[in-house]
Each structure stands twice: as C-alpha cells, then as structure tokens.
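1. need a structure here:
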Amino acid sequence: MKDERHTSSLTPHTSLFLQNLLLFPRLLRRAGLPVSPEQSLDFAQALTLVEIGSQEQVYHTARSLLLTRQEHLVLFTTLFNRFWLRLGRMGQMRPQPTPLAPRHLQDRQAIPFFTLMAQKASQQHQERDVADRSQTYSPAELLQHKPFAEMTPEELATVRQLIQEMAWPLVWRQSRRRTRNRHGNLLHLRQVLRFASQHNGIPLRLAWQSRKQKQRPLILIADISGSMEKYARLLLQFFYSVTHSFPEVECFLFSTRLTRITPQLKLKNIDRAVEDAAAQVNDWSGGTRIGENLALFNRQWGRRVLRRGAIALIISDGWERGNAAQLRQEMRHLQHRCHRLIWLNPLLGRQGYKPLVEGMATALPYIDDFLPIHNLQSLHDLSRHLARLGSGRQ
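-> Numbers count the residues shown, from 1 in each chain. Next up is the predicted model:
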C-alpha cells in the first residue's frame, strides 16, 4: 500500500521521468551486458523507494541490481552517465513531445537511439581499456598467480567470486551399454536383422552402434586441520563450484574426523550452502589424522561412492599425526578402487618445496597426479587436467 500511495502521488513530469528511467536495463542489454527480466523488475520496484531525482541514489540502485560482473563496471558507469545526461535533472526537466518511453516512440526510432548510445559508450570503454592496459592489469589478471595465503581479505572476496564463476569440464567414461549411432564403429546386428527381415532376408541396410558416454563420479576429500586453516573457506567455495558443475559429486572434510557435506552444497544460494557446510564440521583447525579418516571413508563410503570409475581428489598439505603404516594401507586401497587418485597440495606451489614430511612421503607412491592448489592459475590448470583425462581403466 505504501508503494501504491507513493506512485500515485507522482506529478506528470516525475512520472514521465520514472518511465524513462525504466528503459535503462534495455540500454544495458543493447550494449551486451547481461540483464535478466527479473533484474529489470527488481529495478522498477526499487525506483519507487528512492529519490529518483538524485543521480547518486539511482546510480547505486541500478548498480546493485543490474550489474553482475566487476569487469563491466566501467562500461556500466559510462552508459549510466550518458543516459542520465539525456534525461536531464528533475529540476530542469520539461515535458517532452517525444519522450524516451517506448509507447511514445516507434520501434524503428527507439532501436537506433539505444544502439547508437550503446555503441558510443562501448567505444569509449574500449579506448579506455587500451590505454590502461599499457601499465596495469585487471583484478582477475593480478590475482591469477598470487598465492591464496598472501591475499588480503578484499582480494580473497574477489577470488571467491571468481571461483564461483569457474566452469568445470565433465570427465567422461565409456559405459558397457551400447546405443544406436549412425557414426558408430560397431554393427547393430539386431537392427540389421530386423531390416533384412523386411527384404526377404537380404541385409540391404546396415545399422551402427557405439558405447554410451557417462560422467565419471568425482570425490572431493579436503583437509581442514590447523595447517590448512587459511585455505578452508576457499576450499568450500571450490567445492560449491565443482558441485554445481558436475551431476555426480561427493564432498568430504576431515581433520580429526570425517564429515560429509554433499547435501549442504547442493543448495542454490552459495552463502547459505557454505555456511551450512561449515556448520556441519565440529573439528575446524584440529589435528591431522589422514590415515584414520581415509580408513573411515574406505569402510563407510567407499563402496557407495567409488563406483563407475570415480576420480578421487584429496586436498591436503600432507602433515600426518597418525599412523604412517595405516595411511600407506588406506592410500593403496583407495587408489585400487578409483579410476584416478589426484592429490592437491597448496605447498607444492612454493619454490623449492619437496614432499619430505612423513605423511606426504608415505602417500606419494600411490598418487596418480600430484598437483598444486595455491592460486587461481592452479585451479585453471586443474580444470584443464580433468578435461584431458581419458577413459582409462573401468
């Protein structure tokens, strides 16, 4: 009711100004920025709650609701300033015989106007980018090679967003089942015989088949002990990103005990998913018992999740306070059960690092791929590595 009273009290000039402001999402789409209908609706509702004569209020309202990528900020600001200049301030506004609202403009007039404004702003944005790139880099480029352990809280917030937006490739395997495929390499004998029965037993047509392709399950097991505390929250962001890229993913955390967090990470809201997953863990920054927790995983979860050629990723620095003999036995068992065993170590990215600690040295002979996970570039390398993995043993 409050919104309705506010809207109904608008003067004709103010109402016209508000209608014109509602065209701004359309201008952003013309410029190539992603703006959904839901965002446009939220923007329209928000304009009834702010002072639309204030350029600052309208700008921050539009920026918070219509801008989704940091790299689009310069172009967004340029478009907004040009659009606001076109409208004029509230105090200087006069009735327009042909206002910007679509109902007063034919499409053949509106489309060139928006396209021209978007092109001018885009060209200005591109020119500025060319000049800036001579001595500076974008935030994403600057953070590609900076270790997670050396980042400021602001940089870590940016990295979390970049990790959330990463796309992870599916890893495929060949199923024993077969399906019809005109480009297959195996004769579909049943179909050939069916065709032949229609022509007095003469096989005039051939049919082909191939083995089905299915995704390999992915198992993520991360160490959140005291030595891995600085990476723990980023690992949850990494787990969330992978979980929403693969249909079949299982996620586990361990320190002194093993905790499954797969259901929590299935939530669509990333903040709630990460918080719920963190709430499931009662041993943050505890001691490191890799062998005991792998034994629990192999005994309680291995048979359920290590199926159909799964790929297992263990994320740990290898500091083990438990029994090295037990770790050796459980690593051997885990490697035998999965298609490929990958160990991601954040210390591997340091210059001169050698896996000399007892836990890491014990596990190393049973690892198929020993990779770093210390910065954004290492995550991109991991993505490419997963894409290259073949069908191997079943």
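
2. okay, now the spatially closest residue to K266 that is not a sequence neighbour: neighbour count?
-> Spatial nearest neighbour of K266, excluding adjacent residues (CB to CB, 6 or more residues apart in numbering): T243 at 6.7 Å. (Each C-beta comes from the backbone N, C-alpha and C, glycine too.) Other residues lying near T243 total 24 when counted by other CB atoms under 10 Å.

3. distance check, T243 against L265.
-> Applying CB to CB, to the nearest Å, the value for T243 to L265 is 4 Å.

4. shared neighbours of the two, which are they?
-> Counting by CB atoms under 8 Å, 6 or more residues apart in numbering, the contacts common to T243 and L265 are C251.

5. which helices and strands does the helix or strand hosting L341 pack with?
-> Secondary structure assignment for L341, by DSSP states H and E: strand 340-345. Applying 3 or more CB pairs under 8 Å, 6 or more residues apart in numbering; DSSP states H and E, one finds that strand 340-345 contacts strand 311-315, helix 324-337, strand 369-372.

6. and those as a markdown table, adding mean pLDDT?
-> What follows is the helices and strands packed on strand 340-345, written out as a markdown table (pLDDT from 0 to 100):
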| stretch | mean pLDDT |
| --- | --- |
| strand 311-315 | 93 |
| helix 324-337 | 93 |
| strand 369-372 | 93 |
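
7. mind checking which of the ones you listed is nearest L389?
-> strand 311-315 (7.0 Å; CB to CB).

8. quick one: low-confidence parts of the stretch 1-150 of the chain?
-> 1-18, 87-140 (pLDDT under 70).

9. let me see the ranges of the helices in it.
-> If DSSP state H, counting those that start in this stretch is used as the criterion, the helices of the stretch 1-150 of the chain fall at 2-8, 12-21, 24-30, 37-47, 55-66, 73-87, 107-132, 139-143.

10. over to the stretch 251-394 of the chain?
-> So, for the stretch 251-394 of the chain - with DSSP H, counting those that start in this stretch - the helices run 262-265, 270-279, 290-300, 302-305, 324-337, 358-363, 376-388.

11. and the ones you listed: which comes nearest L27?
-> helix 270-279 (29.2 Å).

12. need the helices and strands packed on strand 340-345 in TSV with distance to L75 and mean neighbour count, can you?
-> Shown next, in TSV, are the helices and strands packed on strand 340-345 (distance: least, CB to CB, whole Å; neighbours: other CB atoms under 10 Å):
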stretch	distance to L75	mean neighbour count
strand 311-315	37	23
helix 324-337	49	17
strand 369-372	35	16
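
13. in a markdown table, list those along with distance to Q215.
-> Putting those into a markdown table (distance: least, CB to CB, whole Å) gives the following:
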| stretch | distance to Q215 |
| --- | --- |
| strand 311-315 | 10 |
| helix 324-337 | 18 |
| strand 369-372 | 19 |
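
14. G201 is nearest to which of these?
-> strand 311-315 (47.8 Å).

15. report the angle between that closest one and strand 340-345.
-> Put simply, strand 311-315 runs at 20 degrees to strand 340-345, going by axes from the mean of the first three to the mean of the last three CA atoms, to 10 degrees.

16. CA atoms of strand 311-315 as PDB?
-> In PDB, the C-alpha atoms belonging to strand 311-315 read as follows (Å, rounded to 0.1, in the frame of the first residue of the first chain):
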ATOM      1  CA  ILE A 311      38.000 -39.800  -9.800                       C
ATOM      2  CA  ALA A 312      39.100 -39.000  -6.200                       C
ATOM      3  CA  LEU A 313      40.800 -35.700  -5.200                       C
ATOM      4  CA  ILE A 314      42.500 -35.300  -1.800                       C
ATOM      5  CA  ILE A 315      43.400 -31.800  -0.800                       C
END
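
17. run through who's touching it.
-> 171, 216-223, 228, 231, 235, 306, 334, 338-346, 363, 373, 386, 389.

18. same thing with stretch 144-154?
-> Here stretch 144-154 has contacts from 143, 155-156, 159, 230-231, 234, 346, 349, 374-377, 380, using CB under 8 Å, 6+ apart.

19. make it 6 Å
-> K230, L234, H374, N375, L376, Q377 (CB atoms under 6 Å, 6 or more residues apart in numbering).

20. list the buried ones in that stretch?
-> Residues of stretch 144-154 classed as buried: Q144, K146, F148, M151 (neighbour count, 16 or more other CB atoms under 10 Å).
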